[in-house]
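Trainee: Here is my input; please provide its structure:
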Amino acid sequence: MKKIHFIAIGGSAMHNLAIELFLKGFEISGSDDKIFEPSFSNLKKHNLLPSKLGWDKNKINKKIDIVIIGMHAKKDNPELIESLKKNIKIFSYPEFLYEYSKFKTRVVISGSHGKTSISSMVLHVLKYNGISLDYMLGAQLEGFENMVNLKEENDFILIEGDEYFSSPLDLKSKFLWYKPNIALISGISWDHINVFPTFEDYVNQFKKFINSIVPGGVLVFNKSDQILNRIVNESKNSIRKIPYILPKFKIDNSVTFLETEFGEVPLMIFGKHNLENLSGAKWITQLFGVDSNDFYEAISTFKGASKRLELLEKGSNCFLYKDFAHSPSKVFASCEAINDLYFNLKKIYCLELHTFSSLDKKFIKMYSGSLNLSDEAIIFYDLNNLKYKNRKIILPEEIRKAFDNDSILIFTNSNKLKQYLYSKNWKNSVLLMMSSGDFGGMRWDILKSFFK
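Mentor: Just a heads-up that it's a prediction; the model follows:
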């Protein structure tokens with residue numbers, strides 16, 4: 001296997017995998033119709049950026065040994081069709097990762113929320129303690145240039161396990177490929193309704209995941225999640241089951257302290273959901289042989305994963321945060337975290353409705369009350385995004401009713417949102433910007449300038 005072609009190379013996982021295989025000596029080519037940052041710059045740095053955007057069946061030839069296809073591509077993709085015609089072996093990236101790692105110990109972090117943060121915590125602690133392993137994560141972590149690492153000499157691989165489809169040709173959830181020896185589930189909160197139209201469909205993926213754990217393996221799970229707790233206890237798989245809960249902590253002068261047997265440990269992260277994530281990460285690192293004292297020393301230096309309650313700017317008494325939160329449970333958890341830390345400041349929470357689920361009139365009711373901890377709530381959704389995702393127009397009164405908040409400010413024009421944010425006095429305030437998108441092209445440099 002020498003030459004590998006990536007269809008939809010611009011994805012967060014896909015581009016990192018392409019770069020790692022290139023560094024291992026493979027000949028890499030790729031294509032995509034849209035490539036955003038940081039994928040664009042990362043691919044360009046390694047001369048892997050396609051010369052032009054779009055699909056071209058002529059890129060597929062007999063010299064290609066395998067094709068790896070991303071979920072962004074469609075079934076009618078001309079490069080995919082040409083690959084099938086030429087009988088070239090086609091992998092989804094989770095299938096490829098399993099083939100690569102099937103003789104290693106596979107550690108898979110999953111859940112509707114928190115899997116990126118937990119994976120990042122585990123990787124940070126292991127690196128701090130000098131433990132080498134393979135890994136595949138979805139978000140950038142400080143101190144790591146590429147979030148995919150594949151080395152023949154490593155015995156373990158840490159994988160962030162997603163329940164979304166594997167590829168246009170393979171509608172199996174990604175994490176069902178991995179057959180973990182050690183697994184973690186952070187919680188279950190209905191998401192991806194365009195893929196899993198009912199809550200039962202969604203929960204069933206996690207039942208399958210639990211049953212996919214290698215017999216004799218280990219499952220670490222969030223005991224406070226009632227649905228997760230039930231399906232773990234119902235599983236007949238012969239595995240060891242380790243529950244975790246929210247650890248004891250206190251907040252003093254806007255700093256969170258973990259209360260441990262060794263005394264109080266100051267943290268750079270905050271929020272109950274992050275502390276639950278920390279509790280799960282501690283169990284995983286313990287299974288790697290890291291003792292409690294070494295874990296606490298390492299985790300005290302953890303700044304968080306990119307775009308997860310990320311502090312973009314702070315002034316003398318004003319703060320700007322950016323967060324990837326987009327599903328109802330994530331939005332509420334992020335708002336609660338800011339509320340607990342900055343109880344004495346004015347809190348403005350701004351959410352972009354960007355995903356298929358959040359733009360669905362039936363699903364949007366799941367957001368009821370999620371922004372009610374704010375002093376001022378703002379919602380933005382792009383009308384062009386509605387058209388692109390084939391969603392009907394959602395009226396402002398429908399949004400306010402679904403969120404159970406009559407005072408929400410609603411913007412559908414990104415320029416008007418920017419003008420509003422730029423015009424405010426942010427003294428004694430915290431602004432939390434939540435989205436899996438980019439608020440229609442938000443100028444973060446300009447917004448940050450108001451918080452200095």
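Trainee: pLDDT below threshold where in the chain?
Mentor: The chain contains residues with pLDDT under 70 at 1, 388-389.
Trainee: Please, which helix or strand holds the residue of it most remote from its centre?
Mentor: Taking CA atoms, centre = their mean as the measure, the residue most remote from the mean C-alpha position of the chain is Lys62, 35.8 Å away. Using DSSP states H and E, Lys62 is not contained in any helix or strand.
Trainee: Show the contacting residues for it.
Mentor: Neighbouring residues of Lys62 by CB atoms under 8 Å, 6 or more residues apart in numbering: Lys86. For every residue, glycine as well, the C-beta is placed using N, CA and C.
Trainee: and if we set it to 10 Å?
Mentor: Going by CB atoms under 10 Å, 6 or more residues apart in numbering, Lys62 touches 86-88.
Trainee: And the strands in the stretch 351-452 of the chain?
Mentor: 376-380, 409-411, 429-434 (DSSP state E, counting those that start in this stretch).
Trainee: tell me which residues of the shortest one are tucked away?
Mentor: Within strand 409-411, the residues that count as buried by 16 or more other CB atoms under 10 Å are 410-411.
Trainee: Given it, what are its sheet partners and their directions?
Mentor: When pairing is defined by DSSP bridges, strand 409-411 lines up against strand 376-380 (parallel).
Trainee: How about the longest one?
Mentor: Using DSSP bridges, the strands paired with strand 429-434 are strand 318-323 (parallel), strand 346-352 (parallel).
Trainee: Asp225 - nearest residue in space that isn't next to it in sequence?
Mentor: Distance criterion CB to CB, 6 or more residues apart in numbering; nearest residue to Asp225, sequence neighbours excluded, is Gly187 at 4.2 Å.
Trainee: can you check Asp294 too?
Mentor: Nearest to Asp294 is Asn129, by CB to CB, 6+ apart, at 5.4 Å.
Trainee: what does Glu310 give?
Mentor: Lys322 (4.9 Å).
Trainee: go on, Ile338?
Mentor: Closest to Ile338 by CB to CB, 6+ apart is Leu432, at 5.3 Å.
Trainee: With Asp382 instead?
Mentor: Gly440 (5.0 Å).
Trainee: is it true that the one you found touches Tyr381?
Mentor: Yes. Under the criterion of CB atoms under 10 Å, Gly440 makes contact with Tyr381 at 9.2 Å.
Trainee: mind giving me CSV with the strands paired with strand 429-434 and columns for distance to Lys282 and mean neighbour count?
Mentor: Formatted as CSV, the strands paired with strand 429-434 follow (distance: least, CB to CB, whole Å; neighbours: other CB atoms under 10 Å):
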stretch, distance to Lys282, mean neighbour count
strand 318-323, 23, 22
strand 346-352, 30, 23
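Trainee: mind checking which of those is nearest Ser120?
Mentor: strand 318-323 (14.4 Å; CB to CB).
Trainee: how about the CA coordinates for stretch 288-304, as PDB?
Mentor: Extracted in PDB, the C-alpha atoms of stretch 288-304 (Å, rounded to 0.1, in the frame of the first residue of the first chain):
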ATOM      1  CA  PHE A 288      -2.900   3.200  31.800                       C
ATOM      2  CA  GLY A 289      -1.100   3.000  35.200                       C
ATOM      3  CA  VAL A 290      -1.200   6.600  36.200                       C
ATOM      4  CA  ASP A 291      -1.700   7.000  39.900                       C
ATOM      5  CA  SER A 292      -3.900   9.700  41.500                       C
ATOM      6  CA  ASN A 293      -1.100  12.000  42.600                       C
ATOM      7  CA  ASP A 294       0.400  12.000  39.100                       C
ATOM      8  CA  PHE A 295      -3.100  12.600  37.600                       C
ATOM      9  CA  TYR A 296      -3.800  15.600  39.700                       C
ATOM     10  CA  GLU A 297      -0.400  17.200  39.000                       C
ATOM     11  CA  ALA A 298      -1.000  16.800  35.300                       C
ATOM     12  CA  ILE A 299      -4.600  17.800  35.100                       C
ATOM     13  CA  SER A 300      -3.900  21.000  37.000                       C
ATOM     14  CA  THR A 301      -2.000  22.200  33.900                       C
ATOM     15  CA  PHE A 302      -4.800  21.300  31.400                       C
ATOM     16  CA  LYS A 303      -6.200  24.400  29.700                       C
ATOM     17  CA  GLY A 304      -9.000  22.600  27.800                       C
END
